[in-house]
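Asks: Quick one, fold the following:
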Amino acid sequence: MDYRNSHIPEGINTAPGHKPLTEAAWLLVGAVVVVILVTVALTAVTGWLAKLVPFSQEKHLAARFAPVAPVTNSSLAAYLDTLKQRLARQMEMPEGMDITLHYVDDETVNAFATLGGHVVLFRGLLEKMPDENTLAMVLAHEMAHIKHRDPIVALGRGTVLASVLASIFGRTPAPLDATAMLTLLNYNRRMELAADAAAARALYGLYGHLSGSQWLFQLFEAMQHGKKAAWEAFFQTHPLNAQRLQQLRALADRNHWPLSGKVTPLPPELHDWL
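Replies: Numbers count the residues shown, from 1 in each chain. Below is the predicted model of the structure:
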């Protein structure tokens, strides 16, 4: 019997229209989508769970990350502490949720709230304060972050994101130090707007009007040397200043709060204290 090997046609194991690169691309897209959905779900659950952590435990955790020493000038410390206590009463801060103020002798125009009730104020920002009302808005905003438990939520979500990235790129996250902790504490736009609203309520309760609240965002706007396009807000953790001003004005209109009134001057000695 004469036997011959028959010719095997090309593509016998490939379905018509099979495109390996296209399928690989779809698999990659699918994997990315799954990772994104899992990450979003994990960060949402982590944020919810973080608020259940007792504040006393948050303070214990924060002891590892104290960024700077508390305010050392006794006169400045006394003034800021008095203002802080007045705001705390207006904001009905929970019992045991005490605020520790810190001062950084640096020209940076900034302030931030971090774990355990710590609020950090920079000399550059304090030097630009035109009156006590504006300073009260700054303090109340940062105190609102602490009341809302934003630092612990942000840390939890940031840690989840860092862990996901580490698992993808094969690197184990280094133990958190103060720098890493502050990097993770990015408050989203919803948190910032909620803190603005709480600060505005405290400001009205303290002074009977919202003078100082708008000036703060106008200052930030001037420092940015021009307005940002609306689409740029999507890539920012903080809302556009125009959006924050719009919320304040809407809040004032809804509650019949005056946007302006007699402001309280800062102590003349403030610049000597800084």
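Asks: What average pLDDT does stretch 128-139 get?
Replies: Across stretch 128-139, the average pLDDT comes to 95.
Asks: residues in contact with that stretch?
Replies: Contacts with stretch 128-139, where a contact means C-beta atoms under 8 Å, 6 or more residues apart in numbering, come from 80, 83-84, 86-87, 109, 111, 119, 121, 125-126, 199-200, 202-203, 206-207, 211-213, 215-216, 219, 263-266, 270. For glycine as for every other residue, the C-beta is placed from the backbone atoms N, C-alpha and C.
Asks: Going by neighbour count, which of those are buried?
Replies: 80, 83-84, 86-87, 111, 119, 121, 125-126, 199-200, 202-203, 206-207, 211-213, 215-216, 219, 263-264, 266, 270 (16 or more other C-beta atoms under 10 Å).
Asks: taking these one by one, which sit in strands?
Replies: Residues of the buried ones among the contacts of stretch 128-139 located in strands (DSSP state E): 111, 119, 121.
Asks: Quick check: of those residues, which lies closest to residue 57?
Replies: The closest of these to residue 57 turns out to be residue 119 (C-beta to C-beta; 19.3 Å).
Asks: Quick one: residues contacting the residue nearest to that closest one when sequence neighbours are not counted.
Replies: Using C-beta to C-beta, 6 or more residues apart in numbering and skipping residues adjacent in sequence, the residue nearest residue 119 is residue 142, 4.5 Å away. Going by C-beta under 8 Å, 6+ apart, residue 142 touches 111, 112, 113, 119, 195.
Asks: residue boundaries of the helices in the chain?
Replies: 20-50, 55-62, 74-91, 123-126, 132-147, 150-169, 178-184, 189-207, 213-223, 241-255, 270-273 (DSSP state H).
Asks: Mind telling me which of those the model trusts least?
Replies: Looking at the helices of the chain, the weakest mean confidence is helix 178-184, a mean of 45.
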